[in-house]
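>>> 3D, please:
(one chain, ligands or ions: 2)
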Amino acid sequence: ARTLRIGLIPGDGIGKEVIPAGRRVLEALPASLGLKFSFVDLQAGFETFEKTGAALPDKTVEVLKTECDGALFGAVSSPSKAVKGYSSPIVALRKKLDLYANVRPVKTVATDPKAIDMVIVRENTEDLYVKEERTFDSPDGRGKVAEAVKRISERASHRIAAMAGEIAQRRQNVRAAGGASVHAAPMVTITHKSNVLSQTDGLFRATARAALEDPRFRGVAIDEQIVDSMVYKLFRQPEFYDVIVAPNLYGDILSDGAAALVGSLGLVPSANVGEGFAIGEPCHGSAPDIMGQNIANPIATIRSTALMLEFLNEEQAAAKIYAAVDANLEEGKYLSPDLGGKAKTEEVIEDILRRL
Ligand code: NAD
Ligand code: MN
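Ligands and ions are numbered 1, 2, ... in the order given. Predicted coordinates:
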């Protein structure tokens with residue numbers, strides 16, 4: 001049997017209520033899959049910062065790097081006003097572990113009248129998020145001027161597009177194996193604004209296209225769209241999209257927007273992926289308005305757990321978890337309040353565990 005060591009980083013607020021769901025789902029997987037898990041509890045977040053002075057203690061990074069195959073990250077609270085010395089631990093983790101892709105599937109279940117099944121693959125290391133900003137007094141009467149660097153590299157654009165291509169192929173294999181789908185054939189949509197930003201987005205577009213034209217992606221259709229009209233189409237015709245690849249900023253915005261299409265933030269998973277390492281992370285935050293009430297929806301975390309397994313090449317185990325979640329949602333007997341139900345976090349978890 002393969003043993004995977006998983007770091008558990010609950011963070012703040014409802015992170016502490018939903019991360020245990022990920023662990024319990026992994027422990028409940030059938031032995032026939034030949035998988036074993038061991039866990040290590042790790043600290044990060046605002047509470048950790050207040051206690052120790054570091055939002056992301058070195059030990060957390062060290063243990064992830066040296067001991068773990070993957071991790072689950074809950075959520076962290078960010079103070080509304082800047083606090084000296086505090087910065088987001090998940091952003092730092094992505095950098096330190098070179099988790100260059102943020103992958104976010106957005107999917108409805110069979111009983112939903114909308115048939116949405118897309119994955120957004122966002123480049124995670126560059127673009128405007130290199131945070132090279134400066135402010136200066138203009139010499140010509142415009143007052144202060146602030147500007148930021150938008151950096152796009154061939155290497156990062158190529159590897160993110162290749163990952164999108166691989167995901168498109170993998171999804172096609174799952175469909176071929178009998179999963180119902182709204183898509184007949186795999187397709188990757190390249191997101192850009194190269195009509196205006198001909199050099200930066202132009203490089204992203206050309207590099208992504210070249211990466212996807214590689215013979216190993218034969219059969220994956222290449223589509224490309226300009227980001228603003230793409231948003232229109234994403235809302236009008238979400239069933240059109242299969243896999244979307246985007247530079248960091250557009251990917252950030254598109255993925256939050258797409259999450260709105262499926263009802264609740266409590267449903268949407270993500271994974272931060274690098275070479276041979278993945279961190280599953282629900283898309284929601286620490287939800288201070290509902291913490292401590294045992295009503296947080298654990299599904300975003302449970303799906304993030306499955307997504308992490310996909311990137312650790314345990315697709316069968318992942319498929320089992322997705323199916324159990326879909327069955328829970330389709331039956332609709334144990335739904336948390338964000339979905340209009342009355343079930344407590346614990347009851348949703350138990351219903352999903354029964355179905356594994
Ligand atoms: P949020 O995602 O925490 O909550 C938004 C709304 O969705 C709230 O009404 C909340 O109750 C609801 N919600 C979120 N997750 C839910 C779940 N699993 N089940 C049921 N309902 C759920 O966003 P926010 O309120 O804007 O931010 C709260 C805190 O979280 C802030 O400190 C913010 O900085 C932080 N945050 C962290 C992350 C992250 O860690 N990745 C992401 C977004 C926000
Ligand atoms: Mn975001």
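
>>> close enough to count as contact, P186 and V243?
Yes: using CB atoms under 8 Å, P186 makes contact with V243 at a distance of 7.2 Å. Any C-beta I mention is one placed from the backbone N, CA and C, and that applies to glycine too.

>>> where do the contact lists of the two overlap?
Here P186 and V243 share the contacting residues 168, 171, scored by CB atoms under 8 Å, 6 or more residues apart in numbering.

>>> higher neighbour count, the two?
Each of P186 and V243 has its neighbours counted (other CB atoms under 10 Å); V243 has more, 27 against 21.

>>> Specify the beta-bridge partners of V145.
Assessed by DSSP bridges, V145 has beta-bridge partners F136.

>>> contacting residues around it?
Contact analysis of V145 by CB under 8 Å, 6+ apart lists 135-138.

>>> Equivalent analysis for L335, please.
By CB under 8 Å, 6+ apart, L335 lies in contact with 329, 341-343, 348.

>>> what's stretch 337-352 in contact with?
17-18, 21, 24-25, 263-267, 294-299, 302, 324-325, 328-329, 332-336.

>>> And for stretch 247-262?
With CB under 8 Å, 6+ apart as the test, stretch 247-262 has contacts from 102, 104, 106-108, 112, 114, 116, 118, 120-129, 152, 157, 191-193, 201, 204, 227, 230-231, 234-235, 238, 244-246, 265, 268, 270, 283.

>>> List the buried residues in that stretch.
The neighbour-count check on stretch 247-262 (16 or more other CB atoms under 10 Å) flags 247-248, 250-252, 254-255, 258-259, 261-262 as buried.

>>> So which of the contacts of V145 is the closest to K320?
T135 (51.8 Å; CB to CB).

>>> what about that closest one, distance to A146?
In this view, T135 and A146 are 4 Å apart by CB to CB, to the nearest Å.

>>> Repeat that for R216.
43 Å.

>>> If you count surrounding residues, which of the two has more?
Using other CB under 10 Å, the more surrounded residue of R216 and A146 is R216, with 12 against 8.

>>> element containing the residue nearest to that one when sequence neighbours are not counted?
Spatial nearest neighbour of R216, excluding adjacent residues (CB to CB, 6 or more residues apart in numbering): G165 at 7.7 Å. Assigned by DSSP states H and E, G165 falls within helix 154-176.

>>> Sort out which residues of the helix or strand following that helix are buried, please.
With elements assigned by DSSP H and E, the helix or strand that comes after helix 154-176 is strand 187-192. Applying a neighbour-count criterion of 16+ other CB under 10 Å, the buried positions in strand 187-192 are 187-192.

>>> For those, work out which two are farthest apart.
The widest separation within the buried residues of strand 187-192, taken as CB to CB, falls between M187 and H192 and amounts to 16.0 Å.

>>> Contacts for the helix or strand where F49 lies, please.
Element membership for F49 (DSSP H and E) is helix 46-52. Applying CB under 8 Å, 6+ apart, the contact partners of helix 46-52 are 12, 43, 54-57, 76-79, 83, 85-86, 89.

>>> From those residues, list the buried ones, please.
Buried members of these, counted by 16+ other CB under 10 Å: 12, 43, 54-57, 76-78, 86, 89.

>>> Now go through these and say which are in strands.
Among the buried ones among the contacts of helix 46-52, no member is found in strands (DSSP state E).

>>> TSV for these, including distance to ligand 1 and pLDDT?
Formatted as TSV, the buried ones among the contacts of helix 46-52 follow (distance: CB to the nearest ligand atom, whole Å; pLDDT from 0 to 100):
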residue	distance to ligand 1	pLDDT
D12	7	97
Q43	14	97
A54	17	95
A55	11	96
L56	12	97
P57	17	97
V76	4	95
S77	4	92
S78	3	88
Y86	11	91
P89	9	93
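
>>> Next up, the contacts around whichever residue of the chain sits closest to ligand 1.
Ligand 1 sits closest to G285 of the chain, with a gap of 2.4 Å, by CB to the nearest ligand atom. G285 makes contacts with 13, 75-77, as judged by CB under 8 Å, 6+ apart.

>>> just V121 next, same as before
By CB under 8 Å, 6+ apart, the contact list for V121 reads 101-103, 160, 163-164, 167, 243-246, 251.

>>> swap the cut-off to 6 Å and go again
Neighbouring residues of V121 by CB atoms under 6 Å, 6 or more residues apart in numbering: 101, 103, 163-164, 245.

>>> Neighbours of L356, how many?
Residue neighbour count, defined by other CB under 10 Å, stands at 18 for L356.

>>> Wait, it touches A323, no?
No: counting by CB atoms under 6 Å, L356 sits too far from A323 to count as a contact (8.8 Å).

>>> Where does the prediction get shaky in the stretch 51-200 of the chain?
Low-confidence segments of the stretch 51-200 of the chain (pLDDT under 70): 178-180.

>>> mind running it again at 80?
Low-confidence segments of the stretch 51-200 of the chain, defined by pLDDT under 80: 174-182.

>>> Quick one: name the residues of it near ligand 1.
75-78, 90 (CB under 6 Å from any ligand atom).

>>> Now for those residues: which two are most distant?
Pairwise distances across those (CB to CB) peak at 11.9 Å, for the pair S77 and I90.

>>> quick one: the residue most central in space within the chain from K131, how far?
The residue lying closest to the centre of the chain (CA atoms, centre = their mean) is S270, at 2.0 Å. In this view, S270 and K131 are 21 Å apart by CB to CB.
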